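>>> Give me the fold of what follows.
(chains A and B)
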2 protein chains.
Amino acid sequence: MNIYDVSKKANVSIATVSRVLNGNPNVSDKTRAHVLDVMEKLGYKPNIFARGLGLNTMKTIGIMCSETSDLYLADAVYYLERDLRTHGYDALLCFTGYKLETKQKYFDLLCSKRVDAIILAGSKFIEMRPKDNAYILDPGVDIPIMLLNGYLEGENIYATLCDDQAATHHATTQLLRSGRRRILYLYTSISYSGTNKLQGYQTALTDAGLELDARYIRQCPKDITAAKELLLSLYDQGLRFDAILTSSDSLAAGAVKFAHLMGIRIPEQLAIIGYNNSILSRCTDPELTTVDSKVEALCATTVNTLMGVFDGMNVPKRTTIAADLICRETTDF
Amino acid sequence: MNIYDVSKKANVSIATVSRVLNGNPNVSDKTRAHVLDVMEKLGYKPNIFARGLGLNTMKTIGIMCSETSDLYLADAVYYLERDLRTHGYDALLCFTGYKLETKQKYFDLLCSKRVDAIILAGSKFIEMRPKDNAYILDPGVDIPIMLLNGYLEGENIYATLCDDQAATHHATTQLLRSGRRRILYLYTSISYSGTNKLQGYQTALTDAGLELDARYIRQCPKDITAAKELLLSLYDQGLRFDAILTSSDSLAAGAVKFAHLMGIRIPEQLAIIGYNNSILSRCTDPELTTVDSKVEALCATTVNTLMGVFDGMNVPKRTTIAADLICRETTDF
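Down below sits the predicted model:
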């Protein structure tokens, strides 16, 4: 039962039903009475977050984001603000850093300011321990919570995700098909998104009948120099690899520096794949093959879903968007 | 005449004077009367933007910013929000793009929302034609306007600037001292900051007794590939250079790609200097010598100045911060 059923049964447009729901005065009294009558007969209950009579709305959406030195998040903040603005909403911005305590504090702060919704941008907001997500699931929170590339099940929670697992599965499979056998996977965090990326890599290997080797799965700070130095030390320890798949372009940029330093030819002797299709991927020489994780589309979908919630529509609790593999100069396929 | 003079004359702390100005109840009636008396005797008029009786404040600062794909601006938004937050202010964010019309529209929008001040982040907000800045100077605007790396004279306008001219003068002089004679200057925009950077380059050359040559001053979109291609075409036309100074790290990253493509050795045959000390400067191979334009310090000073204005202090209308030249691998000094 949703706004479409009401529109069909009442024989009025969806826009008219939406106007009635939002208390918009541009509906005749007769039509309004008719639509309300149909709603009652159908037993239609608008989503509790539908704007009701349009009272008490601040037309302001809180955006929580870890930081902007992460280029992915800088883009996300830009696209979210732009898309919210086109719908007449202001963006109230909170950079939270990565500490749970600070995230909780800012979440409460935004709630206390009576924003109409909160967008959690980036998968760093979903913690591995369920109790650490309690603040988001608090039944006292009576506004929609939008997760951008994170997932959590809850009454008022809507998630838009990039299919990171399919993306790393595809990238790994492409590397295998081009003859690579010793594929090193470099990652930074074990966030929701980070876990999916790792699983994509692992299942691609097992799907190809290969054994997993823990020595080829390595954690590294998201930093060019840290990645270069980790690779130098692994090489020094005798580990050999013919491809490196990474969870971010910074790690891949570090891999390029490692190869240059060791005189290893890219992609002939070493293939490298980045993640996020950030400006870094075009800055290295050779330019990075990388996964485009579609941040612009994720932001647009997040905002559209939120507007659907406000309009009392039946919106999906979870939307997944496919990534693209952008082939440049660090692979030979 | 400022809050310090009142504090000294009344023999009370600055905090007490500030409390009186802000209508804070934690001051005894006797002290309040004494401080007000001293103010009158001294003829002290608090800054019109001092918070008066603390009424009608939203505790919200509007931030206008062109976009965040410019890494400098992404950093600025992050630091500004963080520093405002520590003072208990919210940041209402507007990405305006580069069109004058849109900038004016968002400026008016923020004013209509009764924000306590507006920060214009980045030098793209000050236009070359004075009439295009009229919207900022509008006498109807009764809140402080803070310019981050832009300058405009006006009643309620406060600017914090990086000394871009001294920075490019110093960089050019260093190149000359290391024996470079044909220094190409690549820049993107003729904003306030862009004009200063160009002047620094030009005066360094004339200070060294060298002639200016228009062929060595070139405009280029802020894009790695565009810079690479412009350099290839200049080289093709027979122009030769032994150093490239740029107005941004993206242009310098394009210069590195150009040199690699042509087999030109960096820094032996070609020195390259970037601008902003962004993550791009550490991503290229060799890593870029670049100007650190101190965006974090600029943001901190902007917010401190604004808090000073709110507290009725006598703050400078213009603060200039010196840049640093960070020497890495694309120069030999």
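
>>> going forward, measure contacts between C-alpha atoms and count neighbours the same way
Noted.

>>> List the buried residues for stretch A:245-260?
Neighbour-count burial for stretch A:245-260 flags A:245-259 (criterion: 16 or more other CA atoms under 10 Å in any protein chain shown).

>>> Give me the contact status of that stretch with chain B.
Yes - judged by CA under 8 Å from any CA of the partner chain, stretch A:245-260 comes into contact with chain B through A:250, A:253-254, A:257.

>>> So which elements touch the lowest-mean-pLDDT helix or strand in chain A?
Ranking every helix and strand in chain A by mean pLDDT, DSSP states H and E puts helix A:14-21 at the bottom, with a mean of 77. In terms of contacts (3 or more CA pairs under 8 Å, 6 or more residues apart in numbering or on different chains; DSSP states H and E), helix A:14-21 is packed against helix A:3-10, helix A:29-42.

>>> if we can go back for a sec, in strands only, show me the buried residues of stretch A:245-260.
Applying DSSP state E to the buried residues of stretch A:245-260, the entries found in strands are A:245-246.

>>> in the least confident helix or strand of chain A, what's buried?
Those would be A:14, A:16-21, for helix A:14-21 by 16+ other CA under 10 Å.

>>> Distance from the chain centre to it, please.
How far helix A:14-21 lies from its chain's middle: 31 Å, per CA atoms, centre = their mean, to the nearest Å.

>>> quick one, it and helix A:29-42 angle?
Interaxial angle, helix A:14-21 versus helix A:29-42 (axes from the mean of the first three to the mean of the last three CA atoms, to 10 degrees): 90 degrees.

>>> what's the angle between helix A:14-21 and helix A:3-10?
Put simply, helix A:14-21 runs at 100 degrees to helix A:3-10, going by the same axes, to 10 degrees.

>>> can you pull up the bridge partners for the residue in the stretch 1-150 of chain A that chain B sits nearest to?
Closest contact between the stretch 1-150 of chain A and chain B, by CA to the nearest CA, is at residue A:92 (4.8 Å). For residue A:92, the beta-bridge partners are residue A:62, residue B:92 (DSSP bridges).

>>> picking up where we left off before, switch the helices and strands packed on helix A:14-21 over to TSV; also include mean neighbour count.
Below are those laid out as TSV (neighbours: other CA atoms under 10 Å in any protein chain shown):
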stretch	mean neighbour count
helix A:3-10	18
helix A:29-42	15
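
>>> Can you tell me which of the ones you listed is nearest to residue B:158?
Closest to residue B:158 of the helices and strands packed on helix A:14-21, according to CA to CA: helix A:3-10, at 50.9 Å.

>>> so for the closest one, what's the average pLDDT?
Across helix A:3-10, pLDDT averages out at 83.

>>> Distance from the chain centre to that helix, please.
Here helix A:3-10 is found 33 Å from its chain centre; the criterion is CA atoms, centre = their mean.

>>> Kindly report the same for stretch A:282-291.
With CA atoms, centre = their mean as the basis, stretch A:282-291 stands 22 Å off its chain's centre.

>>> Over to stretch A:177-197?
Taking CA atoms, centre = their mean, the mean C-alpha location of stretch A:177-197 is offset from the chain mean by 18 Å.

>>> for stretch A:173-193, same thing?
Counting by CA atoms, centre = their mean, stretch A:173-193 comes out at 20 Å from the chain centroid.

>>> Next: stretch A:108-115.
23 Å.

>>> Can that stretch be said to contact chain B?
No - using CA under 8 Å from any CA, stretch A:108-115 stays clear of chain B, with a minimum separation of 9.7 Å.

>>> what is the rounded mean pLDDT of that stretch?
In the prediction, stretch A:108-115 has an average pLDDT of 84.

>>> May I have it exported as PDB, CA atoms only?
Presented in PDB, the C-alpha positions along stretch A:108-115 are these (Å, rounded to 0.1, in the frame of the first residue of the first chain):
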ATOM      1  CA  ASP A 108      23.300  13.500  19.000                       C
ATOM      2  CA  LEU A 109      24.100  17.200  18.200                       C
ATOM      3  CA  LEU A 110      22.500  16.900  14.800                       C
ATOM      4  CA  CYS A 111      19.400  15.300  16.300                       C
ATOM      5  CA  SER A 112      19.100  18.000  18.900                       C
ATOM      6  CA  LYS A 113      19.200  20.600  16.100                       C
ATOM      7  CA  ARG A 114      16.100  19.000  14.700                       C
ATOM      8  CA  VAL A 115      17.500  18.400  11.200                       C
END
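
>>> Can you give me the neighbour number for residue A:237?
Using other CA atoms under 10 Å in any protein chain shown, the number of residues around residue A:237 comes to 9.

>>> in stretch A:70-84, what counts as buried?
Neighbour-count burial for stretch A:70-84, counted by 16+ other CA under 10 Å, picks out A:71-84.

>>> if we can go back for a sec, among the buried residues of stretch A:245-260, which lie within helices?
Using DSSP state H, the subset of the buried residues of stretch A:245-260 located in helices is A:249-259.

>>> returning to what we had before: give the contact list for the residue of the stretch 1-150 of chain A closest to chain B.
A:60-63, B:90-93 (CA atoms under 8 Å, 6 or more residues apart in numbering or on different chains).

>>> any chance of those in JSON lines, with pLDDT and distance to residue A:302 too?
Listed next are the contacts of residue A:92 as JSON lines, based on pLDDT from 0 to 100; distance: CA to CA, whole Å:
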{"residue": "A:60", "pLDDT": "89", "distance to residue A:302": "15"}
{"residue": "A:61", "pLDDT": "94", "distance to residue A:302": "12"}
{"residue": "A:62", "pLDDT": "94", "distance to residue A:302": "13"}
{"residue": "A:63", "pLDDT": "95", "distance to residue A:302": "12"}
{"residue": "B:90", "pLDDT": "89", "distance to residue A:302": "23"}
{"residue": "B:91", "pLDDT": "91", "distance to residue A:302": "21"}
{"residue": "B:92", "pLDDT": "89", "distance to residue A:302": "19"}
{"residue": "B:93", "pLDDT": "89", "distance to residue A:302": "18"}
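
>>> now the helix or strand containing residue A:319, how far from the chain's geometric center?
Taking DSSP states H and E as the definition, residue A:319 sits inside strand A:318-321. With CA atoms, centre = their mean as the basis, strand A:318-321 stands 9 Å off its chain's centre.

>>> List, one by one, the residues from the stretch 101-250 of chain A near chain B.
So far as CA under 8 Å from any CA goes, the stretch 101-250 of chain A lies against chain B at A:224, A:250.

>>> So which residues of the stretch 101-250 of chain A form strands?
Taking DSSP state E, counting those that start in this stretch as the criterion, the stretch 101-250 of chain A contains strands spanning A:117-121, A:145-148, A:157-162, A:183-187, A:217-219, A:243-246.
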